[in-house]
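> A predicted structure for the sequence below; I have some questions about it.
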Amino acid sequence: MTDYKAADPSAEAAAAPPVRPAGDFLIFGSPLIGEEEKDEVLSCLATGWLGTGPKVAAFEQEFRAYTQAGHAVAVNSCTAALHLSLVAAGIGPTDEVITTPMTFCATVNAIIHTGAQPVLADIDPVTCNLDPKLVEALITQRTKAILPVHFAGRPCDMDALTAIARRHGIALIEDCAHAIETLYRGRHAGTFGNFGCFSFYVTKNVTTGEGGMVVTPDERLADRLKVLALHGMSKDAWKRFSDKGYAHYYVVECGYKYNMMDIQAALGLHQLRRVARNWERRQAIWTRYDRELADLPLVLPSPPAPDTRHGYHLYTVLVDPARTRVSRDAFIAAMTRENIGVGVHYQSIPVHPYYQERYGWRPEAYPHSFRVGRETVSLPLSAKLTDRDVSDVIRAVRTILIGPGA
Ligand SMILES: Cc1ncc(COP(=O)(O)O)c(C=O)c1O
C-alpha cells in the first residue's frame, strides 16, 4: 500500500486553504459554448422561428451524417428518445426489457412508462457495462428488448449483445447518452440496434441545454417516431405555419410532446461541428488524470478496449475506503471544500426506494453495480476546463488522499 504522509489526510487537507479560492467553484460538467452557438440562437430569435423548424431538420441531418445512421429524429431529451423507441418497438404491458443497474434513473423509468417490466442484469465490474452472459440468463418468453447503456462513453460488448438479440428475436435499443463519439469496431454506438438514443443535456458531450436524438436504420420507424414526438400529428405537421402557407394536419395516433425546438438545434449544430475538437480536449484531460493520479490508492478507469473509441464522457474513479482511508462521501465533501464540483454516476438503481417498493429489488442482488455505486466519483471532464482547472482537480485529489503539498 502507498506510504501516506498523513494519518488522516482529508483532515489535514481541510486545515489548509482550499485548492481553489472561495468564489471560484469549478462547476461539474459546465459546457463549452462558443460564439457560433450564441449567434445562431440570436438568429432564431430574430426570425421568430423558435419551435421545431429548419434548424432541427439541419441538426438531424448533420447528426445522421456524423453517426452514419440511416435516419435521425430529434426530440427534447434522451428520456423521450428512450420512451419513444420502446413504444415504436411495440413494447407494452406484459413485456420485459433487460437493462443495467448502473445507469441514470431515466433508462429504467422509460421502460416503466410503457407499462413493461424492467429486468436488471449486473455489470462487468471492469467496464461497468452490461455483462452479456447475465443478460442471456435472464431472457424469458416475455423479454421483448435489451437496453444496454454505453457507460461513461465506453462501448458495450456489441458483438455479444447483438448476437443475443438476434438469437432471441428481440429488439436492441442502445442508450447512448454518454456515447456520441463512441465507436465499436469502427461503427458508431447507436447504429447496432433498432434504435440508438442520445442525450444533449447540459453536461453531455454535445449539448442543446435539454435535448435528445433517436437514430434508426428503418425509415418507417423514423417516420413513426416523428409522428409520436409531436402529438401523433401527421409527419410534416411542424411545417404547418411555414412560409408555404397553412397546411392541415391529421392526428393519426395518440402521441407525445417530445419535439426539439430550433433554439435547441441552434446550439446543437455548432456543438456538433466542434465534437472532434472537444473529444480531443477531453482525451488530453483523461490522459493527464491517468498519468498524474496513477500512484494514488484509487481505482482509475480501465483503458479503452482495442478496436473501440471511448467517448470520454465521464472519468470515474473508485474510492474504496479500505485503500484510501477516506469514504467516498467524505472524499466528495472534501472536493467540495476544495471548491471543485464532482458527480456520482451512479448509485445503483436498486438503492432507490421507489424501485425497491415496486419491484422488491435489493442492491446486494447486483453486487458489482452496488459496490461501484458506493465507491464511484466522477471528476470534471468538460472540454471547457483549462490546464489550470485540470491541475487544480489533480492537486485537490492528491491533497485529500495523501496530504497538502502532495
Ligand atoms: C445513461 C443515461 N440515460 C439517459 C439519460 C437521460 O437523458 P436526458 O436528460 O437527456 O433525458 C441520461 C442523462 O443523464 C443518462 O446519463
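Done, it's in.

> State the distance from the residue in the chain sticking out farthest from the centre to residue 56.
In the chain, counting by CA atoms, centre = their mean, residue 245 sits farthest out from the average C-alpha position, at 39.6 Å. Separation of residue 245 from residue 56 (CB to CB, to the nearest Å): 20 Å. For every residue, glycine as well, the C-beta is placed using N, CA and C.

> ok, which stretches of the stretch 301-406 of the chain are helices?
Counting by DSSP state H, counting those that start in this stretch, the segments of the stretch 301-406 of the chain that form helices are 321-324, 328-337, 353-359, 367-375, 387-402.

> which non-adjacent residue is nearest residue 175?
residue 149 (4.2 Å; CB to CB, 6 or more residues apart in numbering).

> That neighbour reaches residue 100, doesn't it?
Yes - Residue 149 lies in contact with residue 100 (CB atoms under 8 Å); the separation is 5.3 Å.

> For the closest residue to the ligand within the stretch 201-350 of the chain, give me phi and psi.
For the stretch 201-350 of the chain and the ligand, the shortest gap (CB to the nearest ligand atom) falls at residue 201, measuring 3.9 Å. Dihedral angles of residue 201 (phi, psi; degrees, to the nearest 10) stand at phi -60, psi 160.

> partner residues bridging it?
residue 209 (DSSP bridges).

> For it, give me its contacts.
Applying CB atoms under 8 Å, 6 or more residues apart in numbering, we find residue 201 in contact with 77, 78, 177, 207, 209, 210, 211.

> Can you flag which of those belong to helices?
residue 78 (DSSP state H).

> now, the most widely separated pair of the contacts of residue 201?
The most widely separated members of the contacts of residue 201 are 177 and 209, with 14.9 Å between them, by CB to CB.

> Okay, angle between the helix or strand harbouring residue 277 and helix 387-402 too, please.
Here residue 277 sits within helix 275-292, counting by DSSP states H and E. Put simply, helix 275-292 runs at 30 degrees to helix 387-402, going by axes from the mean of the first three to the mean of the last three CA atoms, to 10 degrees.

> Please save the CA atoms from helix 275-292 in CSV.
C-alpha atoms of helix 275-292 as CSV (Å, rounded to 0.1, in the frame of the first residue of the first chain):
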residue,chain,number,x,y,z
VAL,A,275,-17.4,17.5,-31.5
ALA,A,276,-14.0,16.1,-32.6
ARG,A,277,-12.0,19.1,-31.1
ASN,A,278,-13.9,18.7,-27.8
TRP,A,279,-13.3,15.0,-27.8
GLU,A,280,-9.6,15.5,-28.3
ARG,A,281,-9.5,18.0,-25.4
ARG,A,282,-11.3,15.5,-23.1
GLN,A,283,-8.9,12.8,-24.2
ALA,A,284,-6.0,15.0,-23.2
ILE,A,285,-7.5,15.7,-19.8
TRP,A,286,-8.2,11.9,-19.4
THR,A,287,-4.6,11.1,-20.2
ARG,A,288,-3.4,13.7,-17.6
TYR,A,289,-5.6,12.2,-14.9
ASP,A,290,-4.4,8.7,-15.8
ARG,A,291,-0.8,9.8,-15.5
GLU,A,292,-1.0,12.1,-12.5
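
> Next, the buried residues of that helix.
Neighbour-count burial for helix 275-292 flags 275, 278, 279, 281, 282, 283, 285, 286, 288, 289, 292 (criterion: 16 or more other CB atoms under 10 Å).

> and if you look at stretch 115-130?
So for stretch 115-130, counting by 16+ other CB under 10 Å, buried means 116-125, 127-130.

> distance between the helix holding residue 277 and the chain's centre?
In terms of CA atoms, centre = their mean, to the nearest Å, the centre of helix 275-292 is found 17 Å from the chain centre.

> And the contacts of it?
So helix 275-292 is contacted by 32, 66, 180-181, 205-206, 271, 300-301, 311-313, 315, 379, 381-383, 385, 390, 393-394, 398 (CB under 8 Å, 6+ apart).

> Contact partners for the residue nearest to residue 175?
Counting by CB under 8 Å, 6+ apart, residue 149 touches 99, 100, 102, 103, 107, 129, 130, 156, 175, 177, 178.

> Would you mind giving those as CSV with secondary structure, distance to the ligand and pLDDT added?
CSV is the format used below for the contacts of residue 149 (DSSP: H, G, I helix; E, B strand; the rest coil; distance: CB to the nearest ligand atom, whole Å; pLDDT from 0 to 100):
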residue, secondary structure, distance to the ligand, pLDDT
99, strand, 10, 99
100, coil, 9, 98
102, coil, 9, 98
103, coil, 5, 98
107, helix, 5, 98
129, coil, 11, 98
130, strand, 12, 98
156, coil, 12, 98
175, strand, 5, 98
177, coil, 3, 98
178, coil, 6, 98
